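In: Sequence and predicted structure, then a few things I'm wondering about:
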Amino acid sequence: MNFKIRQIINIISYSTLVMCFIALTSCAQKTFTKTKPTITKVKKPNILFIMLDDLGKEWVETYGAEEIKTPNIDKLAEEGMQFKNAWSMPQCTPSRVTLLTGQYPWRHGWINHFDVPRWGHGAHFDAELNQSFAKVMKSEGYMTCAAGKWQINDFRLQPNAMNDHGFDEYAMWTGKEGGENNGSGKRYWDPYIHTKEGSKTYKGKFGEDVFTDFIIDFMTENKEKPMMIYYPMCLPHGPLVSTPSEPNVTSKMDKHKAMVRYTDVILKKLTDALDELKIRDNTIIVWTTDNGTAGNIIGTMNGRKVRGGKTYLTENGVNAPFIVNSPRLVPKGIVTDALIDFSDLLPTFAELGGAKLSKKIKTDGKSFAPLLLGKSNDSPREWTMALGSRAATLENGRVKNIYKFRDRVIRNKRFKAFVNTNQKIVEIYDLTSDIEEEKNLINVKNAEVVETLKFFDKIVNKLPSEDAQPKYNKLEGSLFDVDLEVLKKQHRSNKKKSNHSPKPKRK
């Protein structure tokens, strides 16, 4: 083959290669432009928030309780995350409004306890003036449900209050309705419960079973959707009663123990339902209590007697058992000293569900979602706060707190300070060595104590000098109003009470 022929063949071959390359490149470009990246949509986690009524750590085995067995609660802790430093508020109303709003009591105003259905005077937790985590979660597509104890609205005057606060479905014990003897005070046997169909007595039923069945039905109907479930249990708050598991108990302490054990039974019923519905792996269970045990009940924890601390600012009143569990999402077997308090619940739920908080409403809480999901080893908090308890009074027909500036406590991981009603720190304790808060270090010239006091002082001095009052538009047509003198008597009595829980008598 001569040179010219070879040259022609080479030119043809080269042209063919170029044309093939252009064709291939064109195909690749067309393929690239037509193919969109695959986006895997992560399913939002369900949240089941269980809160017992009046139970301290001294009655939870995993925290060192010696007089009771709570195997299902213990298992929840062993297979999830157990908190050592979670603060509630010291009584019902301030705790509940704090967790619903993400605000401290000095901001939302419900500092003292006010039993709305029983005391009346047009007071109520006003959905128009307050946010709630239910409304926040609904904004992100969650189905919402509540069952158990509410007690901050009068359902006779506001039958749709739960919907107004953001709950799609609900089954609530109404609270004792003042001036009536129709059974509305019953929360256990033959309970009186409010749903969308109205309020009625469930004859022959046990209240906690009604609530649990309602929640399971809700989960069954909505298992394909993200769910936010709020279960503020009635148990083990008084009156002390027998339970379906232990119908023959008679003594005060045996009834109390039976009621605590039944909370353990209820937990298993719920976790079994989650397993059967095949949604357990995508459900975050938060298990806690609203404040310490009633003061007339004494338990044994880690070798020492502990009196119930409800209404008090000592650790037995505000340091709540707090457990979080989800097989797929929450790290297993973690015991953490991270600082959290009830104002943190709303922002944490919001972050877990991908919801955004309104910039128009001030929230005091800080999300600890990264800690729960194993993305952080600690919460973002350097300190936590607790305050509020005992009955409010009334002035000009409205609920009024009994102090201009309510006494409160602040802590970091080691030290805890008591702030009096003059906005001054008067006590400081080292919780690592003095869990019973007996050795006041206020006058000790230890360098770490002095620095901590300076740190706490800065926090206290930034607080408003006057606490907010409850925010609500007063209702008209109240069906019962407690006598003002009754509240004034409680008011005078409360002012004489210490904020420290009495110690059990030592033998």
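Out: In hand now; what should we look at? Numbers count the residues shown, from 1 in each chain.
In: Contact partners for residue 184?
Out: Contact partners of residue 184, counting by C-beta atoms under 8 Å, 6 or more residues apart in numbering, are 117, 174-177, 192, 199. In this view, the C-beta of every residue, glycine as well, is placed from N, C-alpha and C.
In: hmm, I was thinking of residue 96
Out: Residue 96 neighbours (C-beta under 8 Å, 6+ apart): 151-152, 232, 290.
In: Now the two most distant members of the contacts of residue 184.
Out: 176 and 199 (12.5 Å; C-beta to C-beta).
In: Mind checking what secondary structure residue 257 has?
Out: Under DSSP: H, G, I helix; E, B strand; the rest coil, the three-state class of residue 257 is helix.
In: Identify the residues contacting it.
Out: 67-68, 249.
In: Identify the residues contacting the strand or helix carrying residue 451?
Out: According to DSSP states H and E, residue 451 maps onto helix 447-462. Helix 447-462 has contacts (C-beta under 8 Å, 6+ apart) with 383, 410, 412, 414-415, 417, 419, 423-425, 428, 430, 441-442.
In: Could you give me the PyMOL syntax to select whichever of those residues are buried?
Out: The following PyMOL line selects those of these that are buried, judged by 16 or more other C-beta atoms under 10 Å:
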select buried, resi 383+410+412+415+417+419+423+425+428+430+441
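In: Quick check, pLDDT for residue 367.
Out: Looking at residue 367, its pLDDT is 98.
In: residue boundaries of the helices in the stretch 101-250 of the chain?
Out: Taking DSSP state H, counting those that start in this stretch as the criterion, the stretch 101-250 of the chain carries its helices at 105-108, 116-119, 133-138, 161-164, 207-222.
In: Compile those helices into a markdown table and extend it with columns for mean neighbour count and mean pLDDT.
Out: Output for those, formatted as a markdown table (neighbours: other C-beta atoms under 10 Å; pLDDT from 0 to 100):
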| stretch | mean neighbour count | mean pLDDT |
| --- | --- | --- |
| helix 105-108 | 25 | 98 |
| helix 116-119 | 24 | 96 |
| helix 133-138 | 24 | 98 |
| helix 161-164 | 20 | 98 |
| helix 207-222 | 20 | 98 |
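In: is it true that residue 240 touches residue 246?
Out: No - using C-beta atoms under 8 Å, residue 240 makes no contact with residue 246, being 11.9 Å away.
In: Which of the two has more residues huddled nearby?
Out: For residue 240 and residue 246, the more surrounded residue by other C-beta atoms under 10 Å is residue 240, and the numbers stand at 19 against 15.
In: Distance from the chain centre to the helix holding residue 451, please.
Out: Its chain's average C-alpha position is 28 Å from that of helix 447-462, according to C-alpha atoms, centre = their mean, to the nearest Å.
In: now do stretch 488-507
Out: That offset, for stretch 488-507, works out to 26 Å (C-alpha atoms, centre = their mean).
In: which SS class is residue 417?
Out: The three-state label given to residue 417 by three-state DSSP is strand.
In: hey, what's it bridged with?
Out: Here residue 417 sits in beta bridges with residue 410, residue 428, going by DSSP bridges.
In: Surely it touches residue 411?
Out: Yes - at 7.2 Å, residue 417 counts as touching residue 411 under the criterion of C-beta under 8 Å.
In: For residue 83, list the residues it contacts.
Out: 322-324, 336, 338, 340.
In: let's go with 7 Å and repeat that
Out: Residues near residue 83 by C-beta atoms under 7 Å, 6 or more residues apart in numbering: 322, 336, 338, 340.
In: Shouldn't the first one be within a helix?
Out: Spelled out, that is residue 322. No - secondary structure of residue 322 (three-state DSSP): strand, not part of a helix.
In: list the contacts for the residue lying closest to it once chain neighbours are set aside?
Out: Excluding the flanking residues, the one nearest residue 322 by C-beta to C-beta, 6 or more residues apart in numbering is residue 86, at 3.5 Å. Taking C-beta under 7 Å, 6+ apart, we find residue 86 in contact with 288, 320, 322, 340.
In: Closest to residue 269 out of those residues?
Out: For the contacts of residue 86, the nearest to residue 269 is residue 288 (18.2 Å; C-beta to C-beta).
In: That closest one: what secondary structure?
Out: Quick answer, by three-state DSSP: residue 288 is strand.
In: beta partners for it?
Out: residue 51, residue 322.
In: Can you give me the neighbour number for it?
Out: Residues lying near residue 288 (other C-beta under 10 Å) number 21.
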